[in-house]
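>>> For reference, the sequence and a predicted model appear below.
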Amino acid sequence: MKNYKLGYQKTTDIVSLGRRLTKKLAIKKFLYKFIPTLLIVLFISAPSTTTVQKIIFVIFISLLITTGFIAADFQFSQLWLRLPLDQTRNQSVEFLNDRIRYYQFKGYIDNVKYFYSVLLGKEDKFIKEYKYEDIQSVELLLKHRYENYGTPIARDWYVLDYRFEFKDGNHFYFYWPFTIDDDARFIGMILDEKVENVIDKDHVIDALKNGIHLNDYVKTTEN
C-alpha cells in the first residue's frame, strides 16, 4: 500500500482506503475529461463549416467519449506518465466508528451510473455498509509490484491488497489501494482492534500501526 502525501488530497475526513468519490471530486474529474475531449473533437472537425447542428454534434460526441473515459476512470495524465488505469476504479473503503462503508467496482456500466449518481447526490444505493462484527475476515496480502512515471526505469514497491470476507457470504477484493496522510497507521489500529479475524501471514499490521513504509519493513525482515 502506497501512502501518497503529494498530489492527492482526501475528499473526506474519514480514515479510508482510496478516496471516496464526492460530488466535488466528480465535477473535477468530469471537467478534466470533458474539456480536453471537446478541444480534440473541435480540432478534428475544425475544417468543416460551423453550424448549430455541428456544435450540437461536437458536444454530443464529446459527452459520449467522456462517458467512456468515466466508465474506465481514464486520466489523460496516463498518456505521458504511462500509469495504469486507476487502480481503484473509484473504489474506496471508509472506516467509521462501528462499521465500514465502501463502493465496489462491478463493471464499466455500473461505474458510470455510480459516477453520475454522485453528481446528483443519489449514490446511496451503490454504497454498502457492514458493522465490524459482521466481517468474517480481512486478509492483508503483501505484493511486490512495479510502476514507472514517464521514465524507462520502473520502480518497485511493496504494497498491500485487501480481501474482505463478510459473514453473509459477500466479499470484496481491493487491488493496490492507496492511502493519504496518516490513514495507513489508523487503518492498522482499527483492524487490530475491531476486526476479529485479520489474516496477516507476512505480519505487516505492526508496520501499518507504526507508520513504517512497507519497503523499509521488508528490508528489516530480510536482514
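Received it, and whenever you're ready, just let me know what you need.

>>> top helix in the protein by residue count?
helix 23-45 (DSSP state H).

>>> Could you tell me how many residues sit around residue 40?
13 (other C-beta atoms under 10 Å). For every residue, glycine as well, the C-beta is placed using N, CA and C.

>>> The residue nearest to residue 65 when sequence neighbours are not counted and residue 155, how far apart?
Excluding the flanking residues, the one nearest residue 65 by C-beta to C-beta, 6 or more residues apart in numbering is residue 37, at 5.0 Å. Using C-beta to C-beta, to the nearest Å, we find residue 37 at a distance of 30 Å from residue 155.

>>> Looking at the two now, which is surrounded by more residues?
residue 37 (20 against 11).

>>> chain center to stretch 29-44, what's the gap?
In terms of C-alpha atoms, centre = their mean, to the nearest Å, the centre of stretch 29-44 is found 23 Å from the chain centre.

>>> Restricting to C-alpha, output that stretch in PDB.
Taking C-alpha atoms only, stretch 29-44 is exported to PDB below (Å, rounded to 0.1, in the frame of the first residue of the first chain):
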ATOM      1  CA  LYS A  29     -13.000  14.500 -12.900                       C
ATOM      2  CA  PHE A  30     -15.700  15.300 -15.400                       C
ATOM      3  CA  LEU A  31     -14.300  18.600 -16.400                       C
ATOM      4  CA  TYR A  32     -10.700  17.200 -16.600                       C
ATOM      5  CA  LYS A  33     -12.000  14.600 -19.100                       C
ATOM      6  CA  PHE A  34     -14.600  16.600 -21.000                       C
ATOM      7  CA  ILE A  35     -12.600  19.800 -21.700                       C
ATOM      8  CA  PRO A  36      -9.600  18.100 -23.400                       C
ATOM      9  CA  THR A  37     -12.000  15.800 -25.300                       C
ATOM     10  CA  LEU A  38     -14.100  18.700 -26.500                       C
ATOM     11  CA  LEU A  39     -10.900  20.600 -27.700                       C
ATOM     12  CA  ILE A  40      -9.700  17.500 -29.600                       C
ATOM     13  CA  VAL A  41     -13.100  16.900 -31.200                       C
ATOM     14  CA  LEU A  42     -13.200  20.600 -32.200                       C
ATOM     15  CA  PHE A  43      -9.800  20.500 -33.700                       C
ATOM     16  CA  ILE A  44     -10.600  17.400 -35.700                       C
END
